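Student: sequence and predicted structure, then a few things I'm wondering about:
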Amino acid sequence: MKQLHATRFFQLLLVLLISITAKTQAITTPRTPSPGAIVSQKIGISTVTVNYSRPSVKGREIWGKLVPYGWNVQNFGNGKSAPWRAGANENTTITFSHAAKLEGKDVPPGEYGLFFVVNEDNTGEVVLSKDHRSWGSFFYEAGNDLLRSKIQLRSIPMTELLTYDFINATKTSAELVLNWEKKQFPVKIEFDVDRIVLNNAEEELKGPTGFNWQGFASAANYALQNKTGYDQGLVWADQAVAQNKAFPTLSTKANLLRAMGRTAEADTIMKQAIAIANENELNLYGYNLMNAGQHDKAIEIFVLNTKRFPNSANTFDSLGEAYATKGDKKNAIASFKKSLSMNPPANVRANSEKFLKQLGAM
């Protein structure tokens, strides 16, 4: 009889365990209402990501009712005064891949709880909390705040479903906005993009990217084109030249030296670059000079290209453009006719004929 009772006990225990296991292994189903959402934005090479839940208006009075004005004592959780959780369900969170500024205040990289306060006069606050794991505002602790900043809310057309978006993007910044009902909560986010790119380049060039000259050349060119970090850019340019002494690497070094005011050195390096340039490199350099308004220098380079590559119709076509841009009609016509006499490719022929028509020579 005792054996029977023991067997029955273990049978009941097994049924109970199966029941518990079944409940904890339920399938994943859609969350309703307030579905989850994620929105991200690249600013430079940095990423900002907001993870949130999206309640709907559903005809309800939102501001001052569903979302009370100001800071409010929670009726659940720790019972402390808290801002609005800026969404539904768990904490709305915001993640920064690199150090940033939010409304002008420093934010280290990482994930934070994102909260807002809305006031009756259409002013508000944005709050970042170092505690991003709590559920909504119910366990908010002011001592965990990273920052608070005043913001000015905007009026917008009706937005049924709470939505985060990024607007007014520039090279270094964007506005994160929360849109719901007829209010918009704007928050400006900024990154020191050039510093981040250069610091990242230093790290990347310690790996496979640094095994070829193109990696160092691209880093040097970033410094040159963005007018930043010239000293470091010059170091990278030297490393690119050491691996591949060619027109692209030498010209980048020369342009960096020129930007740094070291004109004599720049001229010397540029002469070295021109001496070993191929036809396409000289042609591109000539156009760069022409676009910079240095017409005489451009003509000098294009003339050199015709002498170095006398069987190329394209060199004479480019020289014709330089003369035409300067206003030297006679030499422009002569150059274009020379190009056409060499049975040029279709695209070169079309360009030479176009200019000759414009110059009244066809």
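Tutor: Thanks, I have the structure now.
Student: quick one: the strands in the chain, in order.
Tutor: Counting by DSSP state E, one finds strands in the chain at the ranges 36-43, 46-53, 72-73, 81-82, 93-96, 100-102, 105-107, 110-118, 123-129, 145-152, 154-167, 173-190.
Student: could those strands go into a markdown table alongside mean pLDDT, distance to residue 290 and mean neighbour count?
Tutor: C-beta: built from backbone N, CA, C; applies to glycine. Shown next, in a markdown table, are those (pLDDT from 0 to 100; distance: least, CB to CB, whole Å; neighbours: other CB atoms under 10 Å):
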| stretch | mean pLDDT | distance to residue 290 | mean neighbour count |
| --- | --- | --- | --- |
| strand 36-43 | 97 | 34 | 15 |
| strand 46-53 | 97 | 36 | 20 |
| strand 72-73 | 85 | 66 | 12 |
| strand 81-82 | 88 | 63 | 18 |
| strand 93-96 | 98 | 43 | 21 |
| strand 100-102 | 98 | 41 | 20 |
| strand 105-107 | 98 | 45 | 14 |
| strand 110-118 | 97 | 49 | 22 |
| strand 123-129 | 97 | 50 | 22 |
| strand 145-152 | 97 | 48 | 15 |
| strand 154-167 | 97 | 38 | 14 |
| strand 173-190 | 98 | 34 | 19 |
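Student: among those strands, which comes closest to residue 356?
Tutor: Residue 356 lies closest to strand 36-43 among the strands of the chain, at 46.6 Å (CB to CB).
Student: now that closest one - C-alpha only, CSV.
Tutor: C-alpha atoms of strand 36-43 as CSV (Å, rounded to 0.1, in the frame of the first residue of the first chain):
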residue,chain,number,x,y,z
GLY,A,36,7.6,47.1,-29.6
ALA,A,37,9.7,49.1,-32.0
ILE,A,38,13.3,50.0,-32.7
VAL,A,39,14.6,53.1,-34.5
SER,A,40,18.3,53.9,-35.3
GLN,A,41,20.2,56.7,-36.9
LYS,A,42,23.8,57.0,-38.1
ILE,A,43,25.5,60.3,-37.3
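Student: list the contacts of the residue nearest to residue 43 when sequence neighbours are not counted.
Tutor: The shortest distance from residue 43 to any non-neighbouring residue, by CB to CB, 6 or more residues apart in numbering, is to residue 191 (5.1 Å). Listed by CB atoms under 8 Å, 6 or more residues apart in numbering, the contact set of residue 191 reads 43-44, 46, 98-101, 172-173.
Student: closest to residue 304 out of the strands of the chain?
Tutor: strand 36-43 (42.3 Å).
Student: relative to strand 173-190, how tilted is the closest one?
Tutor: Relative orientation of strand 36-43 and strand 173-190, computed by axes from the mean of the first three to the mean of the last three CA atoms, to 10 degrees: 90 degrees.
Student: what sits up against strand 36-43?
Tutor: If you take CB under 8 Å, 6+ apart as the criterion, strand 36-43 is touched by 47-54, 89, 163-166, 169, 172-174, 176, 189-191, 193.
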